[in-house]
Structure formats: structure tokens, C-alpha cells
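Participant: got a predicted structure here, sequence first:
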Amino acid sequence: MNRFFKISALILAYLLFSAKSCDNHNGEKTGITASIDSIRKEFQADNIREESLGAFETNARQKLSDFSDYLQLFMSPSIDSLFRDKTRDMIRDIFISDSVSLRFLQNQGTKDQELTLAQLLKNGLRNESMHSGFIFDSVKVYRPFTRISDTVYSGSLDFSQKLIRFSLQDTAVIRSEIKTADVFIVKRDKIFGKDTLRIWKVLLGNIK
């Protein structure tokens, strides 16, 4: 249950920080301006410094871990419709495209389920249950980030995808398998108040 409280808190934070503010006090403007200047310096550069790529790899590992948390909440049949919609938005926001291909373990003797992100967000997963879910752990960099264009860096992560079944007493691992996730750093437009900045952002790709 602690995982659900944690994810619910993240969603509440998402709702708060994505809401438009009607307050225009000078102090708030100064804070926003300082934040924008900091982001420009760190994330708007034409090139990512070699020593900074490690921080982006850490961010990529966290995005993958976040996905497993969001997915577990999204799969829950008891989730409130507003939270489900916001969870859907949060999942979509960490992937590079709705067309990426995702593979998920199924019960022993059953072939992996493969679907696009768009299909996942529309229909959920096959045989989903409030008593099962996924954990992604042992995440490691398999292929470090390398630049493939002016606005894209590409890399990949290895991780253990675990199909779990949980109860009030215990959590049991049903299956576990090493999978690979493509990861990217891309230049994307980001709105900050009245400004639109083009910054580097870490996004997930295919999971196979």
C-alpha cells in the first residue's frame, strides 16, 4: 500500500504544479525568472557536456522506475477516474512517442504481451488484476548515451522486469526476465510561464 500512497502523492503534486497560477506577485516572478535562467544554463546548451551525461543516465533509470510505479497504479481497477487520467498523462509524458513498442511478461507458459504505448493507455494490459503488477529493478546502463543528431542522444538500459502477485501478507515474484529499454535525450519545447524554452529532456523508447 505504501507504493500507492507514494504514487498518489506524486499525482497530487502533478496537479498542483501543472495548474495555472492567478497570482502575479513580484516575488513569484523573481523566483520564476531565476528558475528559467538556471534551466537555460544547464539544459539549453547546444551540446551536453560529457561530465553531464551521467546525470542524464541517472534520470533515465529513474524514469524507468517511475514507469513501473505509474503502471501499477494505472492497472488498478479501484483507481479514481481523475487519478487514472492523470496517471495516463504522466506515463505518456515519459515516452518519446505513442507508437513505441512495449513488451510485458505474462504468466508462466504464456507469450509476452507486446503492444504500443497508445494501445496500453487505451486498453490496459491483458489479464490485468488488482492482485498483480510489475516491478522494474536492477537497472543498469547497457549502451551509454551517444549523439545521433543535433537534437537527439540515444542509449539503452538493461533491467529486470518482474511480474508480481501481491496480497496483504506478502508479495511474490511470478516471473522475472532481463529486458532492454531504449532511452533518449531530446530537445523539446517546454513552457515556463510566458516563456517557451527548448531544453534537453530524457524520454523512454521501446521496451523489449
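Facilitator: Right, received. Where do you want to start?

Participant: enumerate every residue touching Arg175.
Facilitator: Listed by CB atoms under 8 Å, 6 or more residues apart in numbering, the contact partners of Arg175 are 105-108, 162-163. (Glycine included, C-beta is placed from N, CA and C.)

Participant: host element of it?
Facilitator: Arg175 is part of strand 171-192, with elements assigned from DSSP states H and E.

Participant: can you point out the buried residues in that strand?
Facilitator: Residues of strand 171-192 classed as buried by neighbour count (16 or more other CB atoms under 10 Å): 179-185, 187, 190.

Participant: quick one: name whatever helix or strand follows it.
Facilitator: On the C-terminal side of strand 171-192, the nearest following helix or strand under DSSP H and E is strand 195-207.

Participant: now do the buried residues in that next one.
Facilitator: Buried residues in strand 195-207, counting neighbours by 16+ other CB under 10 Å, are found at 199-207.

Participant: among the contacts of Arg175, which ones are in helices?
Facilitator: Residues from the contacts of Arg175 lying in helices, with DSSP state H as the criterion: none.

Participant: and those residues, which are buried?
Facilitator: 105-106, 162-163.

Participant: closest to Arg49 out of these?
Facilitator: Lys162 (35.1 Å; CB to CB).

Participant: and the closest one, what pLDDT?
Facilitator: Model confidence at Lys162, expressed as pLDDT, equals 92.

Participant: what distance do you get for it to Thr171?
Facilitator: Per CB to CB, to the nearest Å, Lys162 is found 10 Å from Thr171.

Participant: got it, and Ile79?
Facilitator: Using CB to CB, which is the criterion applied here, Ile79 is 19 Å from Thr171.

Participant: residue ranges with poor pLDDT in the chain?
Facilitator: Residues of the chain that meet the criterion pLDDT under 70 lie in 1-46, 127-131, 167-169, 192.

Participant: now the strands for it?
Facilitator: Using DSSP state E, the strands of the chain run over 101-104, 113-116, 132-149, 152-166, 171-192, 195-207.

Participant: got a list of contacts for the second one?
Facilitator: Contacts made with strand 113-116 from outside it, assessed by CB under 8 Å, 6+ apart, are listed as 98-104, 106, 123, 125-126.

Participant: highest neighbour count among those?
Facilitator: If you count neighbours using other CB atoms under 10 Å, the busiest of the contacts of strand 113-116 is Leu102, which has 23 neighbours.

Participant: residues contacting it?
Facilitator: Residues in contact with Leu102, defined by CB under 8 Å, 6+ apart, are 114-117, 120, 206-207.

Participant: identify the farthest-apart pair in those.
Facilitator: Between all members of the contacts of Leu102, the longest pairwise span (CB to CB) is found for Leu120 and Asn206 and amounts to 12.7 Å.

Participant: my guess is Asp137 contacts Phe159. True?
Facilitator: Yes: the pair Asp137 and Phe159 qualifies as a contact (CB atoms under 8 Å) at a distance of 6.8 Å.

Participant: between the two, which is the more surrounded one?
Facilitator: Relative neighbour count places Phe159 above the other of Asp137 and Phe159, with 22 against 12, counting by other CB under 10 Å.
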